[in-house]
Every structure is written in C-alpha cells, then in structure tokens.
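Colleague: Here's a sequence, model it:
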Amino acid sequence: MPQDSGFSSGAKDMHEAVQQQLRIRDAQLDGDEEMKDSEMVDPESTQNKGDEDNEGRSGEDEDFSNDHRADLEQALSSSNLKFPGSYYFKKRYAVSEAPNPCLRISTGNIGAIGMPLSEPEARRIISHAAQAPFGMGERTIVDKEVRDTWEIDASAVTFDNPAWATFVAGVAKDACASLGVNFAVSKPKIQLYKLLVYEAGSHFLPHRDTEKVDGMFATIIIVLQSPFTGGAAHLSHAGLSTIVDFSTDSNLSTSVMAWYTDVTHEIKPITSGYRLALSYNLIHTTNALRPVLPSSDDAVVKLRRVLSSWQRSLDSAPKKIIYLLKHKYSTANLKGSALKGEDAHLVSLLESLADELGFHVGLAIVECHVSGQADDMGRHGYGGYSEADPSDLSIVEETERAMSVTNLVNLDGRSLATSIDIDDAGEDDEDGEEGHIPETIPADLRSIVEDGPPDEQEYEGYQGNYGGDLTRWYRRTVLVIWPHSNHAQVVYGDNYPQYAMDTLRSATKGKPNKGEAELRQYLLNLAPKDPKLETSILQSICELAYTRGMFNMWNEAMVVCHGETSIEKLGSAHILKALVLFGFGNMFPWIERMLQADPSNARRLKLLDQIEAERARYIGLNVGPILEKWLLAQREAVMRSLKPLAAGEGQLLVDAAKKHELLSILEQAVISHVGKSTPPKQIVAFAKSLFAEVGKQQSLFKDQSEIDLGRRLIAELMAAAIDRVDFFEPVADGLVQIPSYHLLHRRRPSPQPSPKLAELHIQACLETGNEALIETIVKKLVTPPVPSQDAEAEQRWKSVLVGLVPFFNKAVEERPAGAPRIPSVELFYTTTTPMLLDRLQKQDLTEKEVVTLAQLGFVHPEGAQLLEKTIIPKFKATPRSTTIYKVFIRQLRECTARSSRADEFSSTPALITGLIQTMISQFSPASSAATVMELLEFCCENDNVACCGDLLSRLLDNSSLTPDRINSQLIPLLASLDAFLVRRQISVTDQPFATFFRKFMFAWVQVILGHKPSNSSNQFASVTRLGSRCSCPHCSSIVRFISSSTQPSHSLPRIGAPNVRHVMQQLESAGVRAVATWDVIRTSPQGLQITKTDQIWKAQRWPLNQQQGIGLLKGITTDEARLKDVFGEVDYHLLLDRLGVPWVNAPLNNATAASTSTMPQPSMSTTAGAGPSQVRPGTHSITTVEDSPPPKRRKIQEETHEVIDLCSP
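Modeller: Okay, the predicted model is just below:
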C-alpha cells in the first residue's frame, strides 16, 4: 500500500543514517589496515607515528572546515611546500631506453651475467654472495628476520658496456631533478655501493639509510631486468607514504628508485623469482649546502585535516578543487613524471595523502578565451594602412569570454575526460568584485590566467572605421583533486545523472553492490531538486527494482518521484511488468491512484484495456473473476470522473461505452463533467461522435428511447459548447518573417482570433440537426465587445465576423431548394455588410476579400440592388490591379451561372462590361506585351471584344510613344496579336484591330522610320580621302566604321597619345569633321572616341528601318488587298511611298538598296545594328513575293506627307 508523503522524509533520514554508518565503517577499515602495515616498525618509530596520528585526528575533530577551498589554499601556500622536489623518485625505463650493462662479477669467477636474469645465474650469484647486514645503533648485524637479502661488494662488479656509465649519469640527473637537487650547484656524483639479489622471501623491514660516505644525501636503486613478483617498496616521510612496485613486466624493463637518506623505506617480501638490483650512493661534492629534505610535517598535518574534513562533508563541500600549478606543461607532458620543482613536490605530497584519504589527483589544461573589438584605429604606412601587431592591441569592447578545463588525466598521463565542468557561479569578494570561482585556487583563476601573455591570438585586421575582432586564448596547467565518491560526477560532469540512470538500468541479477546503492540514493536525492528528471529517475530505479525483485525499492522510488501523478510518468509497460512481479495486492492501490490522478482519459482507459489484454500472464493465480470485477469498477470510476476531453477522446468514450455497455454511466458523465470542464472544440467533436453513432445499425443506442437519449445528449453538448466558447479568443500564430536585415530579431505577432472556431460550431449544428442553435451563435457573434471604446477588441470582433462571410455565403448558396433559410442569417448579413463595404475603400484588397464581396451580392437578401448600387460603384472608385479586377469579374460570372435567382441578376453582363472598361482605364500603357495579351484574352473570354479597342487605343497614346517602347512593347505585341486573331478566328480587317494596325504603322513611320534621307554622297569624300592618305590600322578602322557600320560611335581604346595625335591630325586634314566628331578618352594610355553626326547616322540606319517596316506590314498580312482594307487605299499607298517600295512584296535587290543609300556603296555590314533594325516581328513566314505590281498609283506630293495625321483612323 502506498505510504503518505512522510515516507519520503523517513527514507531520506534512514539513508543518511546508513551512509554515516558506512563512512564510520570505512574509516575503521582504513585505520586497521594502516596499523597492520606498520606493525613491524621499531617501537620508537611506532610510538612517534601514533602520536602524530592522534594529534592529526584530534585536529580533524577540532578544525572542521566550513570553506574547504580557502582552507586548502592556505595549506598549499605553506612555505614548507615551496620545496622544488619530492622525497622520492621512481621511473621505469623501457628496453630501448636502458642499455644492457653487460654485467660482470669477479667474485668466484662468476663472470658475465646475461639480461634478463635467469634462475641458474641468480643461483650462481647467490652461491658467492654474502648475507646483507643492517645497522642497529653502533652495531652491524645480520638478522634474516629484519633483512633477508644477498649482496656483493661494488669492487667485484664491472660493466663491459661503456653506454652504461652514460645511462647511470642520466639516471642521476633525472633523480636529482625529481628530488629537487640543483645539479649545477651540488655537482653530485653517483657511486656504486652494492649489488643486491632478492629471492623468494627476501625482504627488509622499515629502516632509514645511513650516510655511508661523506656528502651522501640519497640512495639510488637500479633494478635490472629480472623476472619477479612482490618486493614492493613502501616509502614514508613526514606523515606521507607511497608504494613503488616494479614487479609488472620486470624482465622487460630497467627500473629506478631513489630517496633521501632520511626517508623510511621497507622492502616487502619477494613472492616469486629473483630480483637483481644495483645500489648507488648519491654524493654531494661542492662546498655548497648539502641537499636535504625540508620539514613538511606541519603542512602535511594541515592538508590532512582539510582533506579529512572534505571527506566528512561531501554534500556541502565542492565536487572538486582546481589548483593552478606554477609551471606550464604541454599536453604531451601532462603527467606526474614531467612535473618540475615545486609542482613535483606538491603533487607527490598530495598523491600520498590522496591514496590514504580517498581522493583522486589529476592534471588538466585550463583555457581562457576572450573576444572583442580591438583598439586599432589604423596605422598609416606606405600606400595606406599597415597591419597592426595583435600583441600591441587590447580589447576595448568585450563580446565573449569563457573558461574551460580540458584534457583531464591521472598522474600516469592516462586520459580521464576530454573536458570537465566548472562551477563558475560568481562569488563576490570582500570588495564586491566579481569573478571568484568556488572551485578554483586561486579564486580569481580566470584573471590570473588572462594576466599573462596569450598562447594564441587571431586578429581580422583594421576595418576602416574601427578595429576588427581580436580573439585571444590563454592556457595554463592545473591540478585537480576530488573525492573518490565524486569521481563519476567529475568525469561525467552534467551527464552524471544520465550515467547513474544508465548504470542502474544495466544492472544484472546478482548481489547488489555498494556503488549501486549510492547511485540509487544520489538519484533519489536529486529527484526533488530537478523535477524534469523525475520520470527518468523513476523508471531507472524501477528497472533496478525489477532486476532485484524488491518491491520496497520500487515503492520508495514511486513515493519520492511522485509516480502516482500520471500513468505516463512510469509508463504502462513498467506498470504491467510491476504487476506481474509484485502482484495485485501491492499494485492495485498504486494503479487506482494513477487512474484517479492522470489527466488523460485516453491513457486511463488504455491502461485498463492493456491490463485486460495481458490477463493471460496471470493464469494460475486464480484472479480471473477478481480482475474482471476490478476492471469493470475502474472503468465506471473513470467514466464518473472524466477529465477535460482531449482530441480524439470523445470517440474513445463512445467506443468504451459501447463495448462495455456503459451508456448510463456515459449519460451521467456528459451531464456532470464533459459540458462543464472540456474545451468547446472537444465537446463539439464528442457530439459529432455521438451523432455518427446514432446512425449506425449496431449502435451504442439500441432502441428508439436510447436514440432519443443520444439526440438529447448531442443537443445538450452543443448547447454547452456554444455557451462556453469564446469566438473571439486570440489564437497564437507562427513566427512572422520580417525583412532580412532584421533576421536576428524575429518577432511573434500578438495572437488574433480566427473565424474557424465559429465555423466549427455552426457546421456541427448543421450536421447534427441542431440548426436552431445557430441563432444563439449568431446573436453571440454580432454582439459588439464591451466596452465599445476598446479599439483592439472591436478590431478582433470585426475580423471574425468578416472572416465568417465566405462560410455563410457558401452555406446559403448550397442550401437545398425549398429548405428554410439558415436561422438569423439576415441578422448576420445586416451586421457584416457595412464592415465589408468599408473594406472596399482599401486599395490593397486581397483576392479572398474580392471573392467574398462578389459572393455577397448573390446571397444577400438585397441581392442585385446591393451589387449594382453599392458594391460595384465602391469597387470601381478606388484604383486596383488588373489581377484583382479579373478575380472579381470571374467571380461575378461564376455566381451568376450558379445563382437560382438568374432573373434578378440579368444586368450582370453590363456590370461586367463597365468593370472591364474601368480596369482598362486604370491600366498602365507601358505594361509588357504579354500583359496586354492577357487582357485582350480576358476581354474576349468575357464577351467584350469591343473593349479590346479601348485597350489598344491606350497603347498608342502619342505622349508615351518612344522608340524604346515601340521596340520593346508594340512590335512584340504585333507578333502575338497575329496568333491571337488566328486562334479567335478574327480577321485583321475586323475592328477594333484594323484601326490598331493602321495607327501603329503610321506611328512607327513617324517615330522610327522618319523621312528618306537626301543624297549626301559628297559628304563622304572626306572618308575616301582619309582612306587614301593613311592605311594604318586605326585610320582604316575609322574608314570602315563611317562607311559601313550602322553604329553611332566607335572607340579606339588605349592606343596611346602618339597614335591619338596621328589619327586626329589625319581626320582634320581629310575633312572628316563633316560627317563625324571625335574626343580624346582620358585614360592611361589615351584612347579616341569617334561619333557620327546625327544626319549621317540616320541616313545609314534608314535602309535597315525600311526592311523592318516591310517586315511589320507582312506581319499583319502579305495580302495586298487586305492591307488596303486595313489602311484604306490612299493611306496604304502613302505608307508604301514612305517605305520606298512599289508594293509590300516587291523584292529589295541591290538596285533598290542603291537607290536608298546616301553614300558610296560599301557592302552593308552583317553585324549592323543591335537596335530596332534587327527585330523581325510577326509569326507569318515572311518571304519575297514577286507578283505583278499593283495598279499604278497616283502621284503624292512630298508636302502632302507633312500634313497627314499619321495616328488618325
């Protein structure tokens, strides 16, 4: 049975108690192990250590830390920790790094010893070795209980490989660097002391080395390649301890250990094999002070206290602390063995304490990234601005600043995480300055790192008016320390909750482990703090509960994570699984609470269906009847406690009531719940589902009384929906795109109401036989908002009503003949018509509004009178696009064709003609030929061919006729018009098209062709002289240009000043100025521009224009008789005379061309004229027709041409 909310608190208290007991137990285990490791130390040493430990533990109790970051910073700032070294050194050298010494032993003629050491040679060495003694006070004794090792004196040991001495010297330097010894000052020498052999059981109890020679300050042990196990060295000093174990792969490497002489060390027993080692003394040789270890006891005590306090207060302490090291290291050197000086000493101390107290120590890179505008105002250099050195610039306007910690590794250099999170919640310092970070030492780590020179920078350069973006990166090396219990949180960061949940989900059957319990409790503690994770946490712990078969665990998760609040939270699959595993007795109360609390009717009913469908899994439990009774009771309970219906749930209720015969329960639910709490849209959907059920053969409603009940329920639901609905409720729409220059600042418009809601309710009334309720809807709709002074509310009201007009138009139009009018439709139109007519004043009517207005005239009670007297006059009063006109006219025609009141709208054709005429009057004559053709087609479609004349006449307005317009619009139109007339079966002689052809051709003559030029061949004598005087390329090109080109100008670009002077001199001397002018092009080098006089250029263009004109006539028709009908005989011959041809099909041979030329006859340029002369209009195939000439024309005087009105019909 689920517990009340107090269960969560009790569970938490119990968990805290268990956790505290676990910590106490763990501390006791650690203490016992420490005493066991030290039980063989001599009494005096043990007593001293005990005193230190007791003092340390007492201090821990007294100095519980409230600020672990600050206390750790204080402990690490101790002067005793500034020592640039460690109390020991260790390193393993691979075979490639350490040479084979070629060891030779003279004792007993042992001779050369091969590497790795073999058992026979080990036994041979031992057979000639002595038992190693040790010192006790003034005596030197042999006691195998204390020291069991074999030794050979250095005097009997030599090395045949000269490289060995070099290697040993390098080892000495490595050891001195780690021990903090200044090699240059101390100049130490390394002296072989003994060769040592360890066999199974060999050991050496804790002891300190004595000074064997003057100046000795450290011992170096080189373990040669020899296979063994065991023999770990336990080192301790000033409360610190460490273990050095080189037994792994000992036959494949050479290993080195070194320590100061006052370091206590113990060699644990060898468990198998033989270890061969060389013991060296490291000796100080100068008059400088001999290297010694500083006393760091106080610092170690402080560090121990801080770390112990941290371990006891994990909930309030930082998850980790990040400490800035003194030196900077590359990613490749990110490991403990690469650290230098104080960093190495500090890390060695922390490493020992961390192992003892349950902490991890790692190294990482902290990177600070700063971007912003640089203070670069531009630096003038030769030729303009010079690029500034980014190092000389500063950032004046910061745009981005970030700090990250990456490449976390352990002290062996093994990667732990690519990046870790930083708790950078800023804390103000005492002066109120921001930027302090609760997890870093120093607290202002970001500022310290950014205070140095950048490791990398990018600068985009000076931008003309301001400095460009400057980006800098600063990197330093940090030490990271964190408790073992926080390891996953540190490594996984924000993903730790997911890691914990995944771990629990993937648990396998078997005995639970401590880590599993800690993860589960972590998630239970997290759930109340982060409600977004409650569902995932609940499901992961429940998965573990299934694996362990523990209902109590499942129950606790449900309580803490509020699993009863919805079915969805745990999920039906989990519920069914728990039902099978934990039984009905445990699960039914929980399921009932979920069914009561879940807000979804669909999920509630579906879960019951799933339980019923899965009942086969309960066979053998004798629960069949109980389950069926329980399911029925729960379905009735769901029906009696319906939640507000969601989309689709109305049909679901109908199906459930039908399947389980719950009509009476459904009736109560409709009366008690649905109409009062469900959104109106879903009430309507429910009513429509009931209506569909009424018409079925095998229905929920089995007889007439139940059918009547169903109809009554439908009416009640519709009435409830209409009563509760707000037709003017704003509905949020999507994002509105605004211009691209504001792309980053999209805005969401204020929500607006939609007519769709009213349409839904009206349509449902029509479909379900509740038309009487439409009157209620209409009255609700037409009631203006209160107060009436609210302009925004009034606008929303009008937008809904106007938006409903198309719906009502369609409903009225589709109303069956003889059916009564839709209730209150007159009231609706009376209210909305003035609103629509007001919109006619807008110039930017939409197509949808235009369609609505056209339809209104055919469905409105006033009908044709409204259309003719109000709508159309208002429509025509405002200039509109042809597109809108065409939409309106087409809609009028469609409505006329569909209307059942055809006699009432007999004037519609005349109204349409008037609209077309108004449209043409507002049409721009400069529109494209394609647009003109669309309008001509539209006129014909609407039986208004006569209006084509109005349109074509507007195109030939003298004030707007220019050569460009004739060539770009009218000539292409002529070609399209030909196909149009053929398609429409209209003759070119029919009006109004014949008039257009006549006016167009005479307009073309006046604007394009002009008068035939007089013979001015004498003017070209200068060109002939120029050609005879100079044949240079430049002068020759000018001769060709003036003689044969139809272009108005010609350029000689960049020919140079000498050539320009030459050409100008030739032009002047030949007298070319009579036909052309020229100007110097002021470039480097210079050029020359030659331009024909207007008279000469037009004379050269005239033959091409002549050809174009003949082509235009042929584009109309090649039939001379029909052309005479179009133009009239007199005007047709006048037109031919202006074109210089006897009839339209007369061939233009060389003689004709010569008669029209005004200059010496060069061949016409085939590249002439990209202008009007190249246009060949018309879709007719234009061929030369050599028919007999027409009857002789009467002579027409030239002056008569001057007085003819070329544009009159």
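
Colleague: per-domain residue ranges of the chain.
Modeller: In terms of domains, the chain is parsed into 84-293, 318-429+451-485, 840-919 (source: automatic domain parsing).

Colleague: Dump stretch 263-270 to CSV, restricted to CA.
Modeller: Written as CSV, here are the backbone C-alpha positions of stretch 263-270 (Å, rounded to 0.1, in the frame of the first residue of the first chain):
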residue,chain,number,x,y,z
VAL,A,263,63.2,8.6,4.2
THR,A,264,61.9,5.5,5.9
HIS,A,265,61.5,2.6,3.5
GLU,A,266,60.6,-1.0,3.6
ILE,A,267,61.0,-3.8,1.0
LYS,A,268,58.1,-6.2,1.1
PRO,A,269,58.9,-9.9,0.6
ILE,A,270,59.6,-11.2,-2.9
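
Colleague: Make a markdown table out of the domains of the chain and add mean pLDDT.
Modeller: Below are the domains of the chain laid out as a markdown table (pLDDT from 0 to 100):
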| stretch | mean pLDDT |
| --- | --- |
| domain 84-293 | 90 |
| domain 318-429+451-485 | 79 |
| domain 840-919 | 86 |
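
Colleague: Dump those domains to JSON lines, plus mean neighbour count and distance to Arg520.
Modeller: (C-beta placed from N, C-alpha, C; glycine too.) JSON lines is the format used below for the domains of the chain (neighbours: other C-beta atoms under 10 Å; distance: least, C-beta to C-beta, whole Å):
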{"stretch": "domain 84-293", "mean neighbour count": "18", "distance to Arg520": "34"}
{"stretch": "domain 318-429+451-485", "mean neighbour count": "17", "distance to Arg520": "14"}
{"stretch": "domain 840-919", "mean neighbour count": "17", "distance to Arg520": "62"}
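
Colleague: My read is that Trp590 contacts Glu564, right?
Modeller: Yes. Trp590 lies in contact with Glu564 (C-beta atoms under 8 Å); the separation is 6.3 Å.

Colleague: The domains of the chain: which one's closest to Pro625?
Modeller: domain 318-429+451-485 (52.4 Å; C-beta to C-beta).

Colleague: Just the terminal-to-terminal distance for the closest one.
Modeller: By C-alpha to C-alpha, to the nearest Å, the extent of domain 318-429+451-485 from end to end equals 12 Å.

Colleague: what does stretch 659-677 give?
Modeller: 25 Å.

Colleague: what does it contact?
Modeller: Stretch 659-677 is contacted from outside by 632, 635-636, 639-645, 653-654, 656-657, 683, 686, 700-701, 706, 709, 713, 716-717, 720-721, 724, using C-beta atoms under 8 Å, 6 or more residues apart in numbering.

Colleague: any idea which helix or strand comes after the helix or strand hosting Phe1041?
Modeller: Per DSSP states H and E, Phe1041 falls inside helix 1033-1044. Toward the C-terminus, helix 1033-1044 is succeeded by strand 1049-1052 as the next helix or strand (DSSP H and E).

Colleague: With just CA atoms, put that next one into PDB.
Modeller: Taking C-alpha atoms only, strand 1049-1052 is exported to PDB below (Å, rounded to 0.1, in the frame of the first residue of the first chain):
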ATOM      1  CA  SER A1049      30.100  55.700 -82.400                       C
ATOM      2  CA  HIS A1050      33.400  53.800 -82.500                       C
ATOM      3  CA  SER A1051      36.200  53.800 -80.000                       C
ATOM      4  CA  LEU A1052      39.900  53.200 -80.200                       C
END
